[in-house]
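**Q** Sequence and predicted model, in that order:
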Amino acid sequence: MSYKRLIYTLLLICITVSFSYICNVYGETAEDHFKRGVGFYKNGNYDQAINEYNLAVSIDPKHDVTYYNRGIAYAMKGDLEQAIKDYDKAVEINPNYSKAYINRGSAYFHKNNLEQALSDFDKALKINPDNFKAHTYRGNVLITQGKIDQALADFDIAVKINPNYADAYAARALAYFLNKTYDKSWEDVHRAELLGFKIKPDFLEMLKVKSGKGK
């Protein structure tokens, strides 16, 4: 390599490094894109949110929350496969990310992969035993598997931790119905409704028929 060519190459390297430094200092950061992604998500603009999260992880590929949030955006779009991949990445970076396990478990549940869903809810509860949502979601899996008594145990824990969690009362109402404990099912229906949960009319009609009484 000639002397002039060597000087040119070194200068080019210096300019490139300097430009990258300027971009990092004065340009947008991963946090900037992350925050903008959150804003788009809150407004229901899931595609734009995903684009911002893409930019964020291109700058900081080790930011677990960005993958988690992008997974939620994909889930809202109905792309559960991509959502699961992002939750995978989030727990790979942060193995103690209980929310990522919960969301991945929910995605698996909606794909009817009950064993994987149950495994993820178990992992979330091992990290945080007081997570009432994880107890409720695991209870839903157990109901689907026909394990009503185990499901009831999870719902009991959920409402003990958070007495204002309407979803747990609604889910427990179904478990009591399946267990033919209709009076307790009605009690939980009323609790859920008082907390703003909309019970499905079809379920209410079945409960009326089976219990032999109205609300």
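**A** Alright, I've got the coordinates.
**Q** Relative to residue 136, how far out is residue 129?
**A** Applying CB to CB, to the nearest Å, the value for residue 129 to residue 136 is 14 Å. The way it works is simple: take the backbone N, C-alpha and C, and place the C-beta from them, glycine included.
**Q** more neighbours, the two?
**A** Neighbour tally, residue 129 and residue 136, criterion other CB atoms under 10 Å: the higher count belongs to residue 136, 26 against 11.
**Q** For residue 43, give me its contacts.
**A** Residues in contact with residue 43 (CB atoms under 8 Å, 6 or more residues apart in numbering): none are found.
**Q** ranges for the helices of the protein?
**A** Counting by DSSP state H, the chain has helices at residues 3-26, 30-42, 46-59, 64-76, 80-93, 98-110, 114-127, 132-144, 148-161, 166-178, 182-194, 201-211.
**Q** can you state the direction angle for the shortest one and helix 182-194?
**A** Taking axes from the mean of the first three to the mean of the last three CA atoms, to 10 degrees, one finds that helix 201-211 is oriented at 150 degrees with respect to helix 182-194.
**Q** before we move on, what about the fourth one?
**A** An angle of 110 degrees separates the directions of helix 64-76 and helix 182-194 when computed by the same axes, to 10 degrees.
**Q** Identify the residues contacting helix 64-76?
**A** With contact meaning CB under 8 Å, 6+ apart, helix 64-76 is reached by 30, 34, 37-38, 41, 46, 49-50, 53-54, 56-57, 60, 80, 82-87, 89-91, 93-94, 97, 99-100, 103-104, 106-107.
**Q** which residues touch residue 80?
**A** Residue 80 is in contact with 74, 107, 110-111, counting by CB under 8 Å, 6+ apart.
**Q** ok now do the residue most central in space within the chain, which residues does it touch?
**A** Geometric centre of the chain, nearest residue: residue 103, 2.8 Å, by CA atoms, centre = their mean. Residue 103 makes contacts with 68, 71-72, 75, 83, 87, as judged by CB under 8 Å, 6+ apart.
**Q** again, only this time at 7 Å
**A** Contact analysis of residue 103 by CB atoms under 7 Å, 6 or more residues apart in numbering lists 71-72, 87.
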